[in-house]
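**Q** Sequence and predicted structure are below.
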Amino acid sequence: MHIGVVGAGVVGLQTAWQLRLRGHRVTIFDPKPGHGATRAAAGMLAPISEVQFGQDKLYPLMLAALREYPEHIARLARATDRPHGYLENGTLLVAGDRADLTRVADHARVHAEHGMHTRPISQQRLREAEPGLNPRLAGGYEVPTDHQIDPRLLVGALQDALSAELDPGDFPGVGPAAVSREETVVRIDESGGDGATQDVTTAEGRVHRVDRVLVACGLGYRSLGGVTEGFPLDLRAVHGDVLRLRLREGYLAPGERHVVTATVRATVLGRQVYLVPRADGGLVVGASVREDGLSGVNAGCVQELLEDAVTVAPGVRDMELVETMARARPGTPDDIPYLGYVPDAPGVVVSTGYSRHGILLSPLGARLGAALLTHEPLGDDDARLLETMDPTRFGAGAGPARERLAGGIPA
């Protein structure tokens, strides 16, 4: 089967990889692969420290996705020598002062009520675990099961795996390499009345015929013509400002570690800031959450992020600021992605709306998206997850994924 993937962010690339593993031919359409929201992402794989009040339906998706990461990364590592930056180094939830600690404790209590594993950590234990943290921090919690990955490295590894000649001993039956076309898709149309083939039209006027299409172009979904025009999705742009810093040469004495070695998510004066260390001495600091419609980096957000990061880890003050970036992430009304068939277009699957959790959710979204595209049977757990992400949940349209599959998608 020949499947077109519209959008080469982390969700599109992960799904293309899953499709290749199933032996299908894949063509990816994106003028700048990996340069959308994925480019700015910090890569926290943190279902516990990232979940917010009222997100009871989102948490099972996040937890299921995290469980898939180790096997997913192991398989990717067999296909490419490119680094991916996956680290199981845990996360610290810390508080700037006593009022902040009350807020963090409230979250921890909710975590415990839902069976999420956190451990209180004292000021002394914080200093022992992370000497680079401010000794005046009020305390916090350890989350040993929240991890991280470097999204930029992950994108590079996925692109390499998609184009590599794979060892048939490790990957029996795997199909040909994906073809990446640096083109912008403007519309998707059924090329026949039965939905068995689709025409993908690019801004350059070229038409590519494929069997199925995955639409994973984030907010770009809103500008597509063709079969998606009759199925508008409620998407909003959630901007985030992210900073990247690095240690200056000679900053650390022999034997000294990074400014921080674990991912740190802090509450400072009621504001949220995270510090994600990289193995190469880099540090990602983020992220603001704003819906002002402004695409550029917000100076006030940068100021607050730096001030709060220095409050948490004073050594940040002496690091080199190498990049500021803002990207719009596709958000939904309930912060849950859209994953399912486009009504009346059984050969087209939409996978968007991952908002701040695209990196974490991408292996799960990719596996389930590939299953929908290739008409694989669904187990009960997967069917429930897909029902949660049903893109018709806010309006009229087709039923849940299992019902759609039972109707028979053209093979």
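**A** Happy to help now that I have it. Numbers count the residues shown, from 1 in each chain.
**Q** Show the pLDDT at Arg25.
**A** Note on Arg25: pLDDT of 94.
**Q** Ramachandran angles for it?
**A** Main-chain torsions, Arg25, degrees, to the nearest 10: phi -80, psi 130.
**Q** Leaving out sequence neighbours, find the closest residue to it.
**A** Counting by Cβ to Cβ, 6 or more residues apart in numbering, the nearest residue to Arg25 once its immediate chain neighbours are dropped is His2, at 4.6 Å. Any C-beta I mention is one placed from the backbone N, CA and C, and that applies to glycine too.
**Q** Tell me how many other residues surround the one you found.
**A** As a burial measure, His2 scores 16 neighbours (other Cβ atoms under 10 Å).
**Q** so what's it up against?
**A** By Cβ atoms under 8 Å, 6 or more residues apart in numbering, His2 lies in contact with His24, Arg25, Val26, Thr27, Val210, Asp211.
**Q** residue ranges of the strands in the stretch 151-300 of the chain, please?
**A** With DSSP state E, counting those that start in this stretch, the ranges of strands along the stretch 151-300 of the chain come out as 179-181, 185-190, 198-202, 207-210, 212-215, 225-226, 236-246, 263-268, 271-277, 282-286.
**Q** Would you reformat these as CSV and include distance to Val342 and mean pLDDT?
**A** Below are the strands of the stretch 151-300 of the chain laid out as CSV (distance: least, Cβ to Cβ, whole Å; pLDDT from 0 to 100):
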stretch, distance to Val342, mean pLDDT
strand 179-181, 21, 90
strand 185-190, 9, 96
strand 198-202, 10, 97
strand 207-210, 15, 96
strand 212-215, 8, 98
strand 225-226, 10, 96
strand 236-246, 20, 96
strand 263-268, 36, 96
strand 271-277, 35, 96
strand 282-286, 33, 96
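**Q** can you list these in TSV and add distance to Ser163 and mean neighbour count?
**A** Supplementary listing: these in TSV, determined by distance: least, Cβ to Cβ, whole Å; neighbours: other Cβ atoms under 10 Å:
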stretch	distance to Ser163	mean neighbour count
strand 179-181	8	18
strand 185-190	20	20
strand 198-202	20	21
strand 207-210	18	16
strand 212-215	18	28
strand 225-226	28	16
strand 236-246	27	21
strand 263-268	31	25
strand 271-277	28	23
strand 282-286	26	24
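**Q** Of the ones you listed, which is nearest Arg98?
**A** Of all the strands of the stretch 151-300 of the chain, the one in closest proximity to Arg98, counting by Cβ to Cβ, is strand 263-268 (11.3 Å).
**Q** Kindly indicate whether Tyr59 is helix, strand or coil.
**A** Secondary structure state of Tyr59, per DSSP: H, G, I helix; E, B strand; the rest coil, is helix.
**Q** any idea how far it lies from Phe53?
**A** When distances are taken as Cβ to Cβ, to the nearest Å, Tyr59 and Phe53 turn out to be 11 Å apart.
**Q** more neighbours, these two?
**A** With other Cβ under 10 Å as the criterion, Tyr59 and Phe53 differ in neighbour count, and Tyr59 comes out ahead with 18 against 8.
**Q** Which pLDDT value does the model give Leu93?
**A** As predicted, Leu93 sits at a pLDDT of 96.
**Q** Helix or strand: which one has it?
**A** strand 91-95 (DSSP states H and E).
**Q** by contact count, what packs against that strand?
**A** Strand 91-95 sits against helix 47-50, helix 98-113, helix 123-129, strand 139-143, strand 263-268, with contacts defined as 3 or more Cβ pairs under 8 Å, 6 or more residues apart in numbering; DSSP states H and E.
**Q** Show me what the first one is packed against.
**A** Under the contact definition 3+ Cβ pairs under 8 Å, 6+ apart, helix 47-50 sits against helix 58-79, strand 91-95.
**Q** Just name the shakiest helix or strand of this protein by mean pLDDT.
**A** When the helices and strands of the chain are scored by mean pLDDT, DSSP states H and E, helix 401-407 comes last with a mean of 42.
**Q** Kindly reformat the strands of the stretch 151-300 of the chain as CSV containing distance to Pro314.
**A** Below are the strands of the stretch 151-300 of the chain laid out as CSV (distance: least, Cβ to Cβ, whole Å):
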stretch, distance to Pro314
strand 179-181, 44
strand 185-190, 48
strand 198-202, 51
strand 207-210, 54
strand 212-215, 46
strand 225-226, 53
strand 236-246, 13
strand 263-268, 13
strand 271-277, 12
strand 282-286, 13
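**Q** which residues are contacting stretch 362-369?
**A** Contacts with stretch 362-369, where a contact means Cβ under 8 Å, 6+ apart, come from 10-11, 14-15, 17-18, 61, 64-65, 68-69, 72, 214, 216, 337, 339, 349, 351, 354, 382, 385-386, 389.
**Q** how far away is Ala345 from Val11?
**A** The separation that Ala345 has from Val11, given Cβ to Cβ, amounts to 19 Å.
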